[in-house]
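Asker: following is a predicted model, sequence given first.
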Amino acid sequence: MTLAAPRRLPPALPGEIERARLGNGLEVCYLRNPQAPIVSTALFYRVGARDERAGASGLAHFLEHMMFKGSERFAPGEVDRRTQALGGANNAFTSHDVTAYWFSFAADRWSEALEIEADRMRGLRLDPREVEMERSVILEEIAMYRDDPWDALEMEALAAFFPEHPYGRPVIGVEADLERAGRDELAELHRRYYRPDNALLVVAGDIGADAPARVEAALGALEAGASQRPELAPARTPAGEIRVERAQGEMTRLLLVLPAPPADTSDHAELRLAACVLAEGRASRLQRSLVEEGQLCLEVSAALAESELASFFTLTAELLPGVDAREVEPRLRDELALLLAEPIGEQELDRARQVFVADWVNAQERIHQQAVTAGIALAQFDLGQPARLLARAAEAEPEAIRAAARRWLDLAASSVVAICRPESAR
């Protein structure tokens, strides 16, 4: 018997990696990759929507906004103006598990990001007028989510899938909670968690040998003192199938939510491949059945979340006008049932592997994306998690994928089936 040649995989994180910890507890990861004269920084705080108590949803996201609204050295809006004046880019995001801020600058001026981060960690202003102005911005954002049929359907479905658990609450919060939140609550969240010993900094790109000295000079004197993150009870998903139905918009939308393991555990890579088989690319099963040949849907997708404590698998379908959900839902169910019943053919699996690896390479093309990937891995799991996921996906065999699907993707065992019909169907 001839053994197959081992699969050649790209590095999960390009470049040379060095790790350090400052005296105040700040964890630092240097990712040296001189593919372009650019340096990106990504500062992660281990705090997110999961750390909010009931009735105080949206605080972590609110504070993320306020980090751009004035500190000791930088007036409201100045962080963005300064970034643009230096030809850089910045952004931030809040999830249930973390809050992160990233900058990208030319390699000769990236230290500016460190100065900004140090200043708003040490001396965030939280001016009451700015708090009120930003509250209005976020309330408008919540209204936009509520008015978007997909966003509204997803929020309702996840609330049913993770009942009485922070993962079931929207990261952006709800209006009633945001109306009650004020400067004091934001300041307390900042004081408790925005400290170097609860933070992780990734510096990626064309960094020189003096990078550690720059980080120490900018951030080494910040005082530690973060609060211990509270333990979170495991998320319980529904026993059996729950149905959610609403009417909004002009098209019918279907969303299936099923349980999945966290990204650092077994079965996650196998389910990622299952998602590729189902809906990634024109040759995938659902694309052929519902879009290309069936002419029933405008688009379909399958995806896995990568939350730290509990994940979920989603199948979505946006139906063409006039198509009834009763025609599409059985096909989604049949494809899931087939995945549980029969191993994937080797040719189809090889295509899924290639799609998975290609998507991974494309997702890591830019320096700031590499910094964010390293930061998520370190903040939620460990730095080896991306490489393990990539290798496991490349090696997964048909029977292992079927076994994972049987453990997790059984609609009758635990799921939410959510349907959004056109408003005219009320």
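Answerer: Okay, I see it.
Asker: and stretch 72-79, end to end?
Answerer: 12 Å (Cα to Cα, to the nearest Å).
Asker: can you tell me what sits against it?
Answerer: Contacts to stretch 72-79, defined as Cβ atoms under 8 Å, 6 or more residues apart in numbering, come from residues 68-70, 82, 90, 115-116, 119-120, 122-123, 125, 127, 130. Any C-beta I mention is one placed from the backbone N, CA and C, and that applies to glycine too.
Asker: and if we set it to 10 Å?
Answerer: 66-71, 80-82, 85, 90, 101, 103, 112-113, 115-120, 122-125, 127, 129-130, 133-134 (Cβ atoms under 10 Å, 6 or more residues apart in numbering).
Asker: buried set for it?
Answerer: For stretch 72-79, burial by neighbour count (16 or more other Cβ atoms under 10 Å) applies to F74, P76, E78, V79.
Asker: on that earlier part again, from the contacts of stretch 72-79, list just the buried residues.
Answerer: For those, buried by 16+ other Cβ under 10 Å: 66-71, 90, 101, 103, 112-113, 115-120, 122, 124-125, 127, 130, 134.
Asker: keep only those of those residues that are in helices.
Answerer: Using DSSP state H, the members of the buried ones among the contacts of stretch 72-79 that fall in helices are M66, E112, A113, E115, I116, E117, A118, D119, R120, R122, E130, E134.
Asker: ok, those residues vs V355, which is closest?
Answerer: A113 (34.4 Å; Cβ to Cβ).
Asker: just give the nearest non-adjacent residue to the closest one, would you?
Answerer: F103 (3.7 Å; Cβ to Cβ, 6 or more residues apart in numbering).
Asker: in the sheet, who's paired with that neighbour?
Answerer: T41, N90 (DSSP bridges).
Asker: show the contacting residues for it.
Answerer: Shown in contact with F103 (Cβ under 10 Å, 6+ apart): 39-43, 79, 83, 86, 88-92, 110, 112-114, 116-117, 368, 371.
Asker: cool, A42 as well?
Answerer: Contacts of A42 (Cβ under 10 Å, 6+ apart): 29, 31, 92, 100-104, 113, 200-204, 368-376, 378-379.
Asker: what comes into contact with stretch 336-343?
Answerer: Contacts for stretch 336-343 (Cβ under 10 Å, 6+ apart): 256, 258, 274, 277-278, 285-286, 302, 313, 315, 344, 349, 397-411, 415.
Asker: is there a quick ChimeraX command that grabs whichever of these are buried?
Answerer: Here is the ChimeraX command that selects the buried residues among the contacts of stretch 336-343 (16+ other Cβ under 10 Å):
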select :256,258,274,277,278,285,286,302,313,315,344,349,398,400,401,402,404,405,407,408,409,410,411,415
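Asker: low-confidence ranges in the stretch 301-426 of the chain?
Answerer: 426 (pLDDT under 70).
Asker: hey, where'd the helices end up in it?
Answerer: 325-341, 346-363, 367-380, 385-395, 398-408 (DSSP state H, counting those that start in this stretch).
Asker: tabulate these in TSV, adding columns for distance to R50.
Answerer: Shown next, in TSV, are the helices of the stretch 301-426 of the chain (distance: least, Cβ to Cβ, whole Å):
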stretch	distance to R50
helix 325-341	29
helix 346-363	24
helix 367-380	11
helix 385-395	19
helix 398-408	21
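Asker: looking at those helices, which is buried most?
Answerer: helix 367-380 (a mean of 23; mean count of other Cβ atoms under 10 Å).
Asker: helices or strands up against it?
Answerer: strand 27-32, strand 38-45, strand 89-94, strand 99-106, strand 199-205, helix 346-363, helix 385-395 (3 or more Cβ pairs under 10 Å, 6 or more residues apart in numbering; DSSP states H and E).
Asker: could you export the fourth one as PDB, CA atoms only?
Answerer: It refers to strand 99-106. This file holds the C-alpha atoms of strand 99-106, laid out as PDB (Å, rounded to 0.1, in the frame of the first residue of the first chain):
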ATOM      1  CA  THR A  99     -12.800  43.800  23.900                       C
ATOM      2  CA  ALA A 100     -10.000  44.600  21.400                       C
ATOM      3  CA  TYR A 101      -8.400  47.700  19.900                       C
ATOM      4  CA  TRP A 102      -6.100  47.700  16.900                       C
ATOM      5  CA  PHE A 103      -3.900  50.200  15.000                       C
ATOM      6  CA  SER A 104      -1.900  49.900  11.800                       C
ATOM      7  CA  PHE A 105       0.900  52.400  11.000                       C
ATOM      8  CA  ALA A 106       3.900  52.600   8.800                       C
END
